[in-house]
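S.K.: Here is a sequence with its predicted model. Questions after.
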Amino acid sequence: EPVLTDAALRLHHAGLLALPPGARPTEEHRRDPGADDWVALVGDWVTGHLLRSRDPADLEALEGVRRALPAVGHVLTRAGVRRGRSPIDRVLARSEAKTTAAVEIARVEQLALGEDRRLLVLCDHERATATLPVDLVGVLTEQAGSAHAVLAALLEDPAGADALLVTGSTVAGSAATLTALVEHVAATDPGLARTLRVRPAGGGGAVHRLEGAWTSRRWVLHVTRFFESGGTTVLVGTRGLLGEGWDARSVSGLVDLTSVTTTTAVVQTRGRALRTDPARPDKVAVNWSVVCVSDRHPRGDRDWQRLVRKHAGFFGVDETGEVVDGVGHIDPAFSPYAPPADHVAGRWALALTVVGYVAGRVRAESSPTATTVVGTVAASSFVGTSLFAITGLLVGDLSVGVGELLLVIGVAVLWDVVLTPFVLPPLMALFRRLEPARVT
């Protein structure tokens with residue numbers, strides 16, 4: 001039972017179980033048990049004991065398990081625990097934070113490429129058709145995660161003002177961009193262009209629709225040419241329409257907002273950007289995978305696990321020249337077993353890693369005189385405290401202003417420098433006794 005074995009070893013890592021004889025934990029076991037581990041263990045307990053028992057206490061425990069499981073995406077059946085769909089899975093997959101991220105990526109791509117930007121944004125669906133469950137009303141909007149929601153958000157930002165939506169049933173964008181598209185069509189098919197009309201899409205926003213005597217077979221061709229010519233630099237679509245068979249050599253970046261994880265679909269999605277462009281032989285395309293995680297729910301890593309499955313079996317070269325596979329080829333700090341931390345511990349881990357690098361570089365390039373030691377302490381204190389504060393601002397974990405932050409950083413540097421003569425010498429003496437070969 002590999003699943004139960006892995007769960008038991010993670011229980012050992014958390015200090016909840018003695019290490020079984022002969023067991024050897026590996027990297028995947030050096031973390032606290034997650035929701036899947038607890039479900040596996042509870043499922044074994046249910047099928048091995050609770051379902052067979054007639055003890056009133058066991059029956060009460062069984063009913064408690066039955067009520068709790070749906071919250072983590074499982075249900076209790078006569079055969080035991082089975083996987084279901086968790087509300088948190090839908091929240092993560094369709095989170096409006098992903099739409100915000102797509103707009104931010106559009107800004108970054110525009111700053112980097114200017115008029116050469118050709119950004120493709122892929123979504124799972126044009127519009128959400130299913131009614132939201134009652135427990136998600138007020139948590140998600142009806143169209144959260146849809147291509148229409150992404151288009152509306154892009155049009156509200158200057159970096160996405162020329163964005164265009166193309167699906168099997170709709171061509172939409174701003175009135176100005178659609179008018180320019182009609183003029184583009186008129187250059188090659190004036191008869192078709194005369195039938196096209198730009199109309200408001202409803203809702204009072206900037207989104208308009210282009211309607212006329214045409215079908216997706218014709219408009220995809222015209223929109224693709226319009227996109228490649230620079231009439232629009234951001235194209236929003238669905239994976240079903242702009243997947244296999246669709247080709248635009250000028251695509252400079254792809255934003256993947258889809259939840260599909262099959263190998264075939266992943267290869268087709270990434271392949272949209274992996275085309276050489278004769279007009280730009282030096283083109284380097286960027287594939288963006290947007291993921292939403294939460295540490296406030298036991299299944300808050302479901303979207304991260306989708307990313308892991310998307311990258312399983314794909315190899316790349318890291319910055320040191322090593323060949324790596326899986327999510328490690330995106331960033332060496334990424335693990336397939338848990339998403340990166342965005343809380344205080346994760347921010348301090350990042351800050352101290354950078355501090356260790358800075359101190360190591362100083363140590364390697366100069367002899368440890370009193371001046372260099374104090375200078376290294378001051379620099380490390382400044383870098384570490386500043387980086388921790390900046391990451392706090394980025395993730396919205398701080399409620400103080402920049403002026404207060406600067407004051408705190410200055411005080412921290414002063415105290416570290418003052419305490420160095422009292423703390424560092426005893427520590428170095430201790431390290432010399434414990435590891436003399438590594439301390440000189």
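M.R.: Thanks, I have the structure now. Residues are numbered from 1 along each chain as shown.

S.K.: Can you list the residue ranges for helices in the stretch 251-400 of the chain?
M.R.: Along the stretch 251-400 of the chain, the segments classed as helices by DSSP state H, counting those that start in this stretch run 263-271, 302-311, 344-365, 370-394.

S.K.: okay if I get these as a markdown table plus mean pLDDT, distance to residue 93 and mean neighbour count?
M.R.: Backbone N, C-alpha and C define where each C-beta goes, glycine included. Formatted as a markdown table, the helices of the stretch 251-400 of the chain follow (pLDDT from 0 to 100; distance: least, CB to CB, whole Å; neighbours: other CB atoms under 10 Å):
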| stretch | mean pLDDT | distance to residue 93 | mean neighbour count |
| --- | --- | --- | --- |
| helix 263-271 | 83 | 15 | 16 |
| helix 302-311 | 89 | 6 | 21 |
| helix 344-365 | 70 | 23 | 14 |
| helix 370-394 | 77 | 24 | 17 |
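
S.K.: Let me have these in JSON lines, extended by distance to residue 33.
M.R.: Output for the helices of the stretch 251-400 of the chain, formatted as JSON lines (distance: least, CB to CB, whole Å):
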{"stretch": "helix 263-271", "distance to residue 33": "29"}
{"stretch": "helix 302-311", "distance to residue 33": "15"}
{"stretch": "helix 344-365", "distance to residue 33": "18"}
{"stretch": "helix 370-394", "distance to residue 33": "27"}
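
S.K.: End to end on stretch 306-322, go ahead and measure it.
M.R.: Its start and end residues considered, stretch 306-322 measures 24 Å (CA to CA, to the nearest Å).

S.K.: For that stretch, what is the distance to the chain centroid?
M.R.: 15 Å (CA atoms, centre = their mean, to the nearest Å).

S.K.: how deep is residue 40 tucked in, by neighbour count?
M.R.: Neighbours of residue 40 under the rule other CB atoms under 10 Å: 19.

S.K.: quick revisit: can you tell me which of the helices of the stretch 251-400 of the chain comes nearest to residue 83?
M.R.: Within the helices of the stretch 251-400 of the chain, the stretch nearest residue 83 is helix 302-311; the backing value is 11.3 Å (CB to CB).

S.K.: Give me the residue ranges of the stretch 201-350 of the chain where confidence is low.
M.R.: Under the criterion pLDDT under 70, the flagged ranges of the stretch 201-350 of the chain are 243-244, 341-347.

S.K.: if we can go back for a sec, ok, which of the helices of the stretch 251-400 of the chain comes nearest residue 54?
M.R.: Residue 54 sits nearest to helix 302-311 of all the helices of the stretch 251-400 of the chain, at 36.2 Å, using CB to CB.

S.K.: So what's the gap between the closest one and the chain middle?
M.R.: Centroid displacement of helix 302-311 relative to its chain, using CA atoms, centre = their mean, is 9 Å.

S.K.: wait, doesn't residue 420 sit right on residue 374?
M.R.: Yes: if you go by CB atoms under 8 Å, residue 420 and residue 374 touch, sitting 6.0 Å apart.

S.K.: Show me where the stretch 101-250 of the chain has its helices.
M.R.: 147-155, 175-188, 190-193, 216-229.

S.K.: Compute the inter-axis angle for the second one and helix 216-229.
M.R.: Between the axis of helix 175-188 and that of helix 216-229 there is an angle of 100 degrees, by axes from the mean of the first three to the mean of the last three CA atoms, to 10 degrees.

S.K.: which of the helices of the stretch 101-250 of the chain is buried the deepest?
M.R.: helix 147-155 (a mean of 24; mean count of other CB atoms under 10 Å).
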